[in-house]
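Novice: Need coordinates for the below:
(2 chains)
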Amino acid sequence: MQTITLKLKNAVMSGIAAVPVEVDALTPDKLFGKSEAELNAVNVWWGNREENTGELFDVSVEGDAASADEVKIVLEGDLTRVKRIGEGMKAGEIEARGDVDMHCGAMMEGGRIVVKGNADCWAGREMRGGELIIEGDADDNLCAMYRGEIAGMIGGKVTVNGNAGELVGQYMTGGEILIKGNANRLAGLNMSGGKITIEGDAELFGPDMTGGEIVMKGKVLEMMPSFKFLETATVDGVEYKKYLGDFAMGEKKAKGTLYVR
Amino acid sequence: MADGELLIRNGVVYDPINGVKGEKKDICIQDGKIVESVTNPKVIDAEGRVVMPGGVDIHAHIAGGKVNAGRIMRPEDERKGVEPKTKVCRVQSGYSIPNTFATGYRYAKMGYTFVMEAAMPPLLARHTHEEMVDIPILDNAAMPLIDNNWMTMEYVKSGDTDLLAAYIAWIIKATKGYGVKVVNPGGTEAWGWAKNCDLNDAVPYFDVTPAEIVKCLGEANEKFEMPHSIHVHGNMLGHPGNYEVTTATYDLVKGIKPYRDRPAMHATHTQFHSYGGTTWGNFESKAGAIADYINNNDHVSIDLGSVILGDTTTMTADGPMEYSLYQITGRKWTNHDVELETGSGITPFLYSGKVSVHTIQWAIGQELALLVKDPWKIALTTDHPNAGPFIGYPIIISMLMSKKRREESAEAMHKAIFDRAELPSIDREYDLNEIAIITRGMAAKTLGLAEHGKGHLGVGADADVAVYDMSPEERDAGKIQKAFLNTKYTIKAGEIVVKDGEVVATPPGRTIFVTPECDDKLMDEMMVTLKDKFDKYYSVTFNNYPVQDAYLPHPYEIKAPWRSS
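Specialist: Here you go, the predicted structure:
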């Protein structure tokens, strides 16, 4: 096991405008096999400037790894303007100790990310595989597609211990999302596959849904009017009302399933 | 324009307009023009490499209202081609609808130096010119849409071809345009009534037929010494069984005598107009029938509209066609109405080699190129971005040059290609001279630009030269494709703009426009009707309509005098 600790220097965020740092170059699969000097020299964007990792972060390395799977990256310091953590990562683990900025775990294919705080918008965007755990809240567009695309999350597993913003899993085609708190409006918009479970309260989930399922364990604040009640069904020993929709997409395409209490 | 002299030494030159077919020779350049000899030049070593004139694209959608609407509508496309700025280049984005900078750089990297914007809505001429000015390196021009225009249809109805010619003269001048563009004549206007028009259907309210519109515009165009013929996107584009409409459209201009040695009609993106069958189920290629017509007649030239597999953005003034396409795909769609003049539609489209119809479409574009015997009658296009982005031209070139590559591709595609298309049975392979004809010579001649220095390397021509990093003996399709995608050198007006596949300079291009010169009395008579239209219907006033000279910082004017006889 190898642990690479990257602590964001205080000076980086001390400007009047905290200029964001983009760290998609700092994933276990990309850093595997690099010496400490090489790690310090990896280019990352700071606003419109390309800087060496060592200029922005205090880098320390412990242990050795035989593959990227054995590499763990720990991000420390003020991460509120650190974007694209673990974007496109394929293996290994990233632990972010604090609140993180947008696009955390975007287009991730494998490995595991743990955020020990809140995640800003677009976490898990267009995720392909792997696991993303957000211990705090997730902002809007969790696991959604980027503007204009027709596929959001395709695979992988995402857990949010807190609440989630609007448009969870927009255009989702596969994978699993668990929201332990509440979800804001329009979860599962245009969803065609995969599963979203919401343990807290939610409203207007599943619009334009053509496949996949949403399990609502909490209170339904407002139900989409274009779903049809089918039957009562039991999921994990609990009885739910099962609905089919969204009929706004036409009879043929209304293949999405909602389970509500 | 670059000062000084340049010598391109020992290249193997293909300059079809001047009858040069792969001769080892030097090209001399002075002050942006090709010259006989030079005294103290900078030397470019092209030893054993293929040298051609700068490419001339006869038909692409690169600037204007609908291109930009496509960009706004498809952020996911912009995301595909993102390249950060360099010391020379500005930020690039986009694949099927690249931003203006990327459009200039990518064409230049393929050795192209002139592109014709194929459909300018007259009312949006300013926008079109602003974007064309923003496109670096390339010289360009734009053809205003004239066929679905109320003025045009009223003169077609009254049969007054002289007044129609006066209107053509006015609108081409007012828009700083190049020639007469026709898109689904009558059909786009009928779309305002939620209808479409076949060739002999009456246009709602105006009570003229598309056939009459095409014929009258064809006749009116030849009343001037216009460099280009009418440029026609016919009726029923993209409908199974439309090939008979296509040849019937060609027949319309058969009796028209062009003012000079060129066809009376250029029929564009012919792939979309060469369909047999009656439904998508029995859809088949009729490229053979179209090619027979072209082989037996000299009054029509065509361009291919060849398909590039993958995702693209379709956009045309043919509003009803875009709506049909949207009904098939269910993807996003937008529609524009341009007052008295025209309309347009835009929707994304994915051409897949696993789908029978797309596979046959893919075959048709190449069949046309291979079945038409005389390459001077055809130009290579993808109707960018409708059948695919221009960046795919090198793929088409490699297909036309290699039967082996066509066979390998066909194997991986839908089997319909073997029984509903002809491509697998065609043995012909293009040589480099023929490639030079369909990518520069033919377009320059047909557009009437050859005498203005485009598309050839004769003394006095513009010093637009492409040096491809390949030997003329190269037969490997992959290497051919690579060479045509990124030149060793592209020279524009005597300045090296691309070196080793990288853009090294970005001089502005020129806007070429035509000024048809019309009899004053005819003009005055037409003006009465036109001003009435402005007063009653236009959202802008007559005086605010014409594009000012300031919109063309690098103009090049071609005069088209009225023909007395």
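Novice: pretty sure residue B:248 belongs to a helix, no?
Specialist: Yes - according to DSSP: H, G, I helix; E, B strand; the rest coil, residue B:248 belongs to a helix.
Novice: Relative to residue B:238, how far out is the spatially closest residue to it that is not a sequence neighbour?
Specialist: Nearest residue to residue B:248, sequence neighbours excluded (CB to CB, 6 or more residues apart in numbering or on different chains): residue B:199, at 5.6 Å. C-beta coordinates here come from the backbone N, C-alpha and C atoms, glycine included. Per CB to CB, to the nearest Å, residue B:199 is found 15 Å from residue B:238.
Novice: Does the closest residue in space to residue B:317 that isn't next to it in sequence have any beta-bridge partners, and if so which?
Specialist: Counting by CB to CB, 6+ apart, residue B:183 is the residue found nearest to residue B:317 once chain neighbours are left out, at 4.0 Å. On DSSP bridges, the residues paired with residue B:183 through beta bridges are residue B:233.
Novice: what's around residue 76, how many residues?
Specialist: Using chain A. Number of residues near residue A:76 (other CB atoms under 10 Å in any protein chain shown) recorded here: 15.
Novice: right idea, wrong chain: chain B
Specialist: 16.
Novice: Between residue B:199 and residue B:238, which is the more surrounded one?
Specialist: Between residue B:199 and residue B:238, residue B:199 has the larger neighbour count (other CB under 10 Å), namely 23 against 20.
Novice: what sits against residue B:316?
Specialist: By CB atoms under 8 Å, 6 or more residues apart in numbering or on different chains, the residues touching residue B:316 are B:66, B:119, B:183, B:184, B:233, B:237, B:322, B:344, B:345, B:386.
Novice: Filter the residues you listed down to the ones in helices?
Specialist: Those of these mapping onto helices are B:66, B:322, per DSSP state H.
Novice: which of the contacts of residue B:316 sit farthest apart?
Specialist: B:66 and B:237 (15.4 Å; CB to CB).
Novice: Settle it for me: which of these two has more neighbours?
Specialist: Shown here are residue B:66 and residue B:237; by other CB under 10 Å, residue B:66 has more neighbours (29 against 25).
Novice: nearest spatial neighbour of residue 46, skipping sequence neighbours?
Specialist: All of this is about chain A. Nearest to residue A:46 is residue A:21, by CB to CB, 6+ apart, at 5.2 Å.
Novice: You answered for a different chain; I wanted chain B.
Specialist: residue B:11 (3.3 Å).
Novice: residues from the stretch 51-200 of chain A in reach of chain B?
Specialist: Residues of the stretch 51-200 of chain A lying near chain B by CB under 8 Å from any CB of the partner chain: A:146, A:147, A:148, A:149, A:150.
Novice: Now for the second one, how many residues are close by?
Specialist: When neighbours are defined as other CB under 10 Å, residue A:147 has 11 of them.
Novice: State the three-state secondary structure for it.
Specialist: Using three-state DSSP, the structure places residue A:147 in coil.
Novice: I'd like the distance between it and residue A:141.
Specialist: 10 Å.
Novice: go on, the third one?
Specialist: The spacing between residue A:148 and residue A:141, counted by CB to CB, is 13 Å.
Novice: Looking at those two, which is more packed in?
Specialist: Neighbour comparison, residue A:148 and residue A:141: the larger count goes to residue A:141, with 25 against 14 (by other CB under 10 Å).
Novice: which residues sit in contact with that one?
Specialist: Residue A:141 touches A:121, A:122, A:125, A:165, A:166, A:167, A:170, counting by CB under 8 Å, 6+ apart.
Novice: swap the cut-off to 6 Å and go again
Specialist: Residue A:141 makes contacts with A:121, A:122, A:167, as judged by CB atoms under 6 Å, 6 or more residues apart in numbering or on different chains.
Novice: out of these, which is most surrounded?
Specialist: residue A:122 (25 neighbours).
Novice: now the helices for the stretch 51-200 of chain A?
Specialist: A:53-56 (DSSP state H, counting those that start in this stretch).
Novice: Find the closest residue to chain B in it.
Specialist: Taking CB to the nearest CB, chain B has its nearest neighbour within the stretch 51-200 of chain A at residue A:148, 3.5 Å off.
Novice: picking that back up, tell me, how many residues neighbour the residue nearest to residue B:317?
Specialist: Per other CB under 10 Å, the neighbour tally for residue B:183 reads 29.
Novice: which residues touch it?
Specialist: Residue B:183 sits in contact with B:145, B:233, B:317, B:318, where contact means CB under 6 Å, 6+ apart.
Novice: In strands, which of those fall?
Specialist: residue B:233 (DSSP state E).
Novice: Between which two of the contacts of residue B:183 is the distance greatest?
Specialist: B:145 and B:318, at 10.5 Å, using CB to CB across these.
Novice: Residue B:164: which element?
Specialist: Taking DSSP states H and E as the criterion, residue B:164 maps to helix B:161-175.
Novice: Kindly provide the distance from the residue nearest to residue B:317 to residue B:130.
Specialist: Residue B:183 is 22 Å from residue B:130, by CB to CB.
Novice: State the mean pLDDT of stretch A:15-27.
Specialist: The pLDDT scores in stretch A:15-27 average 93.
Novice: actually stretch B:357-371, not the one I wrote
Specialist: Regarding stretch B:357-371, the rounded mean pLDDT is 98.
Novice: Restricting to C-alpha, output that stretch in PDB.
Specialist: Only the C-alpha atoms of stretch B:357-371 are listed here, as PDB (Å, rounded to 0.1, in the frame of the first residue of the first chain):
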ATOM      1  CA  VAL B 357     -30.200   2.900 -44.300                       C
ATOM      2  CA  HIS B 358     -27.100   4.700 -43.100                       C
ATOM      3  CA  THR B 359     -24.900   2.000 -44.600                       C
ATOM      4  CA  ILE B 360     -26.500   2.500 -48.000                       C
ATOM      5  CA  GLN B 361     -26.300   6.200 -47.700                       C
ATOM      6  CA  TRP B 362     -22.600   5.800 -46.900                       C
ATOM      7  CA  ALA B 363     -22.200   3.700 -50.000                       C
ATOM      8  CA  ILE B 364     -24.100   6.100 -52.300                       C
ATOM      9  CA  GLY B 365     -21.800   9.000 -51.800                       C
ATOM     10  CA  GLN B 366     -18.800   6.900 -52.900                       C
ATOM     11  CA  GLU B 367     -20.700   5.200 -55.700                       C
ATOM     12  CA  LEU B 368     -21.500   8.600 -57.300                       C
ATOM     13  CA  ALA B 369     -17.800   9.400 -57.300                       C
ATOM     14  CA  LEU B 370     -16.800   6.100 -58.800                       C
ATOM     15  CA  LEU B 371     -19.600   5.700 -61.300                       C
END
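Novice: Need the distance between the two termini of stretch A:40-48.
Specialist: 19 Å (CA to CA, to the nearest Å).
Novice: Could you check the pLDDT of residue B:76?
Specialist: 96.
Novice: just residue A:48 next, same as before
Specialist: Confidence at residue A:48, expressed as pLDDT, is 88.
Novice: Taking the stretch 51-200 of chain B, what residue is nearest to chain A?
Specialist: residue B:76 (3.5 Å).
Novice: Now that residue: closest residue in space, sequence neighbours ignored.
Specialist: Excluding its sequence neighbours, the residue lying closest to residue B:76 (CB to CB, 6+ apart) is residue A:148, at 3.5 Å.
Novice: In contact with the one you found, which residues?
Specialist: B:74, B:75, B:76 are the contacts of residue A:148 under CB under 6 Å, 6+ apart.
Novice: Same check on residue A:114?
Specialist: Residue A:114 neighbours (CB under 6 Å, 6+ apart): A:95, A:133.
Novice: Save the contacts of residue A:148 as TSV, and put in distance to residue B:125 and secondary structure too.
Specialist: Shown next, in TSV, are these (distance: CB to CB, whole Å; DSSP: H, G, I helix; E, B strand; the rest coil):
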residue	distance to residue B:125	secondary structure
B:74	24	coil
B:75	27	helix
B:76	29	helix
